[in-house]
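Asker: need a 3D model of the sequence below.
(2 chains)
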Amino acid sequence: MASVKKSKMTDEERQKLIKKLNKETEEFIQQKLEKNKDYKYTDGFTVDNVEEICATHPAFMQKQPTQEEIDNNPMLQALQAIQYDDPEDTPEEKALELKKDGNFQYKCKKFKRAYAAYTEALRNKFDNTELRSTLFFNRSAANYQLENFRSSLHDANEAVKLNPDYVKAVVKCAQCCSALKRYQDAMDWSKVLLSLDADNTIGNQIYEKSKNSLQIQKRDQRKNEHEKEKQRQAKKSLITAIKQRGIQLSSISKDAHDNSDEEEDSLKLSEFETLNVSKSMVHLDDKGSLIWPVMFVYPEFKTTDFIEEFHETSIFLDHLSIMFEQQPDWDTEQHYKLENLEVYYENRQTENLHKVTMESTLLSVLKEKSMVVQAGTANFIILSRTSKFYDYFMSKHNVIM
Amino acid sequence: MENVSQELLPFLQKSTRIEIKLTATRNVLALSASLEGRKFMIENRSILEAILRLTKDENALVVGDCYNTIVNLSSEDHVIDVILQSYNVVPEFLRVICDRESQFSHKACMILNNLTRFLNGAEKVAEFLPNFDKDSEENVPDIDKLVEVFCISDYNKHKMSLNYIAPFLGNLCQLSKVRKIFLDPEKNRIQKLLPFLSHTSMIRRGGISTLLRNCSFEYESHEWLLSDKVDLLSHVLLPLAGPEEFTDEENDSLPLDLQYLPSDKTREPDPDVRNILLDTLILLCADKPGRTYLKSKNVYLIIRELHKWVQQNKEDDVSETCEKLVQILISDEPDEGSENLLTCEIPEKHRKALEST
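Answerer: Residues are numbered from 1 along each chain as shown, chains lettered A, B, ... in the order given. Modelled structure (predicted):
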C-alpha cells in the first residue's frame, strides 16, 4: 500500500525526501561515532587466532563438520538452511538439490558422502517416480563403489521396480549378483538386460562369465559332497572295525555329541578325538588293520613317549626294543633296560593295574575286557622292576597279573 | 459300413441337435479306432470332411470327439498325405496349440506330431509356417512362438501338457531348412530347449533329443554347438552318465557339468532316448574338430560306464550304439581327405557289401 502512495509523489517531493533522509542518516552515523569513540573491532583475524577461526569458518574448513558442530555454529546453520532447507522448496526440489550434491560428491569419488546425499534425498516425499528411480540407482552406484554389493543390489532392484526399462540399473543388478557370487541371479539379470538391449556387451559378458562360474561353483559343491561322503564312509568302516574287534572306547568330552546321521552307532567321532599334540588318530590301513596312537607313560620320571602309529598286530617287545636300544636321557640310574621293563595298563574305573606281556600284540590287549581306550589313545605304564620306585608304585595299586 | 456312413452323415452337421450330434461323433470315433474303419473313412471322404468341419463346433464334447478321431486317423501312414493334400488344417492346429484358452491344444500337438513323422508330411506342414510361407494366413504361429509356448510351464489355462510340441519340432528338423533356423547362432533357440533333456516327461526328452540328433547332421554347425555358447556336449552327455565314481584325475578330464556327479545320479530311463543321444554324439564325431573335442573331453569314460551298465540290463540296441561310438573315439584318425565321416566317399565294393547286409 505504501508503494502505491509513493508513486503519486511528484519529482520535487521525491528530491526533498531523499535529501531529508540522507541528512538523517548522516546525523545518525555521526551520533553513533560520537557515542562509540573508544570502540575497537576485535572479531577480525589476528596472527594468534587465525588458525582457530579458519578451522570453524565455513570458507576455510578442512573437514566436513559434524552435526554437533553445525548446531553450535550459526554460520554453518545458515549455509545448510540455504542449501537444503529453503522453506519455499517442495520436497521434490529438495531431493533434486540433494541429488546434485550427491552427483558432485560421486564425481569427486567421495562415495560415502554421495551415499548420504542420495539417502537424504530419498527421505523426501514426492511422486516423481523417475527421480526416485534415478536416486535409487545413483545410491546403488555409490554403494557398488563402496563394495556394499548387497545394498547396491537392493537399490538397483528398487530402481528397476520403479522403471522396468532402466538399462543401467539392470546392469548394476547383474554386476552385484556376480560380485555376490549369485551366478544364477546374475544370469537371470543378464537375460533381462539382453531383452532390453540385445547388443549389450556387458550383458553378454556377465552372462558368459556367470554361466561358467556357476558351473564351477556347482562342480565344487558336488566335489565337496564327494569328499564328505568319503569321510563318512571312512568313519563308518573305522567304527565297524573297532566294533567288530570288541574294543571299548571312552570319549574325552561326553557332551560333545556328534549329531550326524550315524545315530544307530554307539560310537561317535568325538570318541576318536585325541588330546595328543600330533593329532594323530586311529585309522585303518589299506589292508583293513587298525593303526593306533599309543602313549607310554613313565610314572617314575613323570615323562611319556608317544608312538603315532602302532600297528595292531605289532607286539610291545618290538617297539620297546627299538626305543630302548639307547639309554634314555632321563634314565640316570640305568634301571630302564629292555630286560627289566614291565608294561601295565590301568583301568580308570577300578584303578586296577593290568599286566601286559611283552609278546602280546596291541590288538590282543585292546580286546581285553578291562581295557578302555581313553581319548582315542592307548595308554600304557612302563616300570623297571630293578628300580626302587617299582615297589612303591606296586604297593599303591591293585595289580592283576 | 456304407450304410453306417449314410446314416451318420446327416447328423454330422453343426445345426443338428446336440444329443444326436454327440451320438454321431461318438460313433465316428469308435469307427476310427479300428483299422477297417480308418480305411473306410479315407475312401469315403464325406465323413472325414464333416469331422474336420465339426472341430469348430460350439460343443466341447463334440469337438473333443472330432480331435480324437483325427488323432486316430493321423496314425495311419497313408492318411497323412490325404489330410495334408486335400485339407487346409495345419494353420488351425498351429493356432489351437498356441491358444491359451483351448482345451484341445494337447490333441492338436499330437495330430501335428503324427502328421510330420515322415519327411513328406514334415515338408508339407513346414510350408504352412510363416518362417517359410511369406503369405501365410494371419496369426499362424512361427517356430519361435512354438518354442516359447513349449518353454512356458502351465502355458495352457486348462493345464494341457503341450509335451508333443517336442517331437513335433523334432520331426520338423528332418528338414534342413528347419534345422538352419534352430542353428542360427544369433538366436538362442537350441539353448532354450536343452534343459528339457532332463524333464520328467519322456515325450519332451525324446522329442528334444530327436531334434538335437537331427540338427547334428549339420556338421557346419558343430563348432557352434560344441562352443560355450551352447555346450551341447555336456547336455547330451549328462543323461548318459551314472553314479560311478572316478578318480580326481578322471573327473578333471570331463566337462565341468559331468565332474563329481552324486552317488544318486540316475541315467536317462528310456532306452530309445539313450540311443538317440548316443546317435547325436556319433554325429558330432563326424568331422575332425568335433571328434577331437569329444576325445579331449574324455567322452569315452562316460560311454565305457554306460556300456557296462546297458550290458547288465541286456539292452542290445544301446550297447551296439555305444560300441559304435567307442570305436570312433578310440580309433586312429582317418586318412586325409576322409576326415568328415558324413561326406567321405564309400568305395563301391564296400557299399555293395553294406547294402547287401
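Asker: contacting residues for the closest residue to chain A within the stretch 101-250 of chain B?
Answerer: Residue of the stretch 101-250 of chain B nearest chain A, by Cβ to the nearest Cβ: B:Asp228 (6.7 Å). Any C-beta I mention is one placed from the backbone N, CA and C, and that applies to glycine too. Residues near B:Asp228 by Cβ atoms under 8 Å, 6 or more residues apart in numbering or on different chains: A:208, A:211-212.
Asker: restrict these to contacts with chain B.
Answerer: A:208, A:211-212 (Cβ under 8 Å from any Cβ of the partner chain).
Asker: which stretches in the stretch 151-300 of chain A count as strands?
Answerer: A:248-250, A:283-284, A:290-298 (DSSP state E, counting those that start in this stretch).
Asker: any weak-confidence spans in the stretch 251-357 of chain B?
Answerer: Residues of the stretch 251-357 of chain B meeting the criterion pLDDT under 70: B:354, B:357.
Asker: count of residues packed around B:Ser338?
Answerer: 12 (other Cβ atoms under 10 Å in any protein chain shown).
Asker: element containing it, please.
Answerer: If you go by DSSP states H and E, B:Ser338 is not part of any helix or strand.
Asker: phi, psi for it please.
Answerer: Here is the backbone geometry of B:Ser338 (degrees, to the nearest 10): phi -120, psi 30.
Asker: nearest spatial neighbour of it, skipping sequence neighbours?
Answerer: Leaving aside its sequence neighbours, B:Ser338 sits nearest to B:Cys344 (Cβ to Cβ, 6 or more residues apart in numbering or on different chains; 3.7 Å).
Asker: before we move on, what SS does that neighbour have?
Answerer: coil (DSSP: H, G, I helix; E, B strand; the rest coil).
Asker: what is the burial count for it?
Answerer: 12.
Asker: likewise B:Asn120?
Answerer: Using other Cβ under 10 Å, B:Asn120 is surrounded by 16 other residues.
Asker: nearest spatial neighbour of it, skipping sequence neighbours?
Answerer: According to Cβ to Cβ, 6+ apart, the nearest residue to B:Asn120 is B:Asp81 (6.7 Å).
Asker: before we move on, back to that, any of the ones next to chain B among the contacts of B:Asp228 buried? List them.
Answerer: A:Lys211 (16 or more other Cβ atoms under 10 Å in any protein chain shown).
Asker: can you list the residues that contact stretch B:301-310?
Answerer: The contact list for stretch B:301-310, computed with Cβ under 8 Å, 6+ apart, reads B:237, B:240-242, B:244, B:246, B:250, B:253-254, B:258, B:267, B:271, B:274, B:278, B:281, B:318-319, B:322-323, B:325-326, B:329.
Asker: so how do I select the buried members of the residues you listed in PyMOL?
Answerer: PyMOL command restricting the contacts of stretch B:301-310 to the buried ones, with burial defined by 16+ other Cβ under 10 Å:
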select buried, chain B and resi 237+240+241+244+246+253+254+258+267+274+278+281+318+319+322+325+326+329
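Asker: tell me which of the contacts of stretch B:301-310 fall in strands.
Answerer: Judged by DSSP state E, those include no members of strands.
Asker: can you narrow the contacts of stretch B:301-310 down to the ones near chain A?
Answerer: Among the contacts of stretch B:301-310, no residue is within reach of chain A (Cβ under 8 Å from any Cβ).
Asker: among the contacts of stretch B:301-310, name the ones in helices.
Answerer: Residues of the contacts of stretch B:301-310 located in helices (DSSP state H): B:237, B:250, B:253, B:271, B:274, B:278, B:281, B:318-319, B:322-323, B:325-326, B:329.
Asker: sorry, back to before: ok, the residue nearest to B:Ser338 touching B:Pro334?
Answerer: Yes: judged on Cβ atoms under 8 Å, B:Cys344 makes contact with B:Pro334 at a distance of 7.3 Å.
Asker: ramachandran coordinates for A:Ile382?
Answerer: Dihedral angles (degrees, to the nearest 10) for A:Ile382: phi -110, psi 130.
Asker: residues touching it, list them.
Answerer: Contacts of A:Ile382 (Cβ under 8 Å, 6+ apart): A:296-298, A:320, A:336, A:341-343.
Asker: so what's the residue of the stretch 101-250 of chain B closest to chain A scoring on pLDDT?
Answerer: What the model reports for B:Asp228 is a pLDDT of 89.
Asker: how many other residues sit next to B:Glu333?
Answerer: Using other Cβ under 10 Å, B:Glu333 has 11 neighbouring residues.
Asker: tell me which element it falls in.
Answerer: For B:Glu333, there is no enclosing helix or strand under DSSP H and E.
Asker: longest helix in chain A, please.
Answerer: Chain A, longest helix under DSSP H: helix A:201-245.
Asker: for the strands of the stretch 151-300 of chain A, which one sits closest to A:Met371?
Answerer: strand A:248-250 (6.8 Å; Cβ to Cβ).
Asker: in that closest one, which residues are buried?
Answerer: In strand A:248-250, counting by 16+ other Cβ under 10 Å, buried: A:Leu249.
Asker: kindly report the same for stretch A:34-52.
Answerer: The neighbour-count check on stretch A:34-52 (16+ other Cβ under 10 Å) flags nothing as buried.
Asker: dump it to CSV, keeping only the CA atoms.
Answerer: Extracted C-alpha coordinates of stretch A:34-52, given in CSV (Å, rounded to 0.1, in the frame of the first residue of the first chain):
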residue,chain,number,x,y,z
GLU,A,34,30.4,10.1,18.9
LYS,A,35,29.0,7.5,21.2
ASN,A,36,31.5,4.7,20.4
LYS,A,37,34.6,6.7,20.2
ASP,A,38,36.6,4.1,22.1
TYR,A,39,35.2,1.1,20.2
LYS,A,40,37.7,-1.3,18.6
TYR,A,41,36.9,-4.2,16.2
THR,A,42,38.0,-7.5,17.9
ASP,A,43,36.4,-10.2,15.7
GLY,A,44,39.0,-9.9,12.9
PHE,A,45,41.8,-12.2,12.1
THR,A,46,45.0,-11.8,14.1
VAL,A,47,48.2,-13.7,13.9
ASP,A,48,47.2,-15.6,17.1
ASN,A,49,43.7,-16.7,16.3
VAL,A,50,43.9,-17.2,12.5
GLU,A,51,44.1,-21.0,12.7
GLU,A,52,41.3,-21.3,15.2
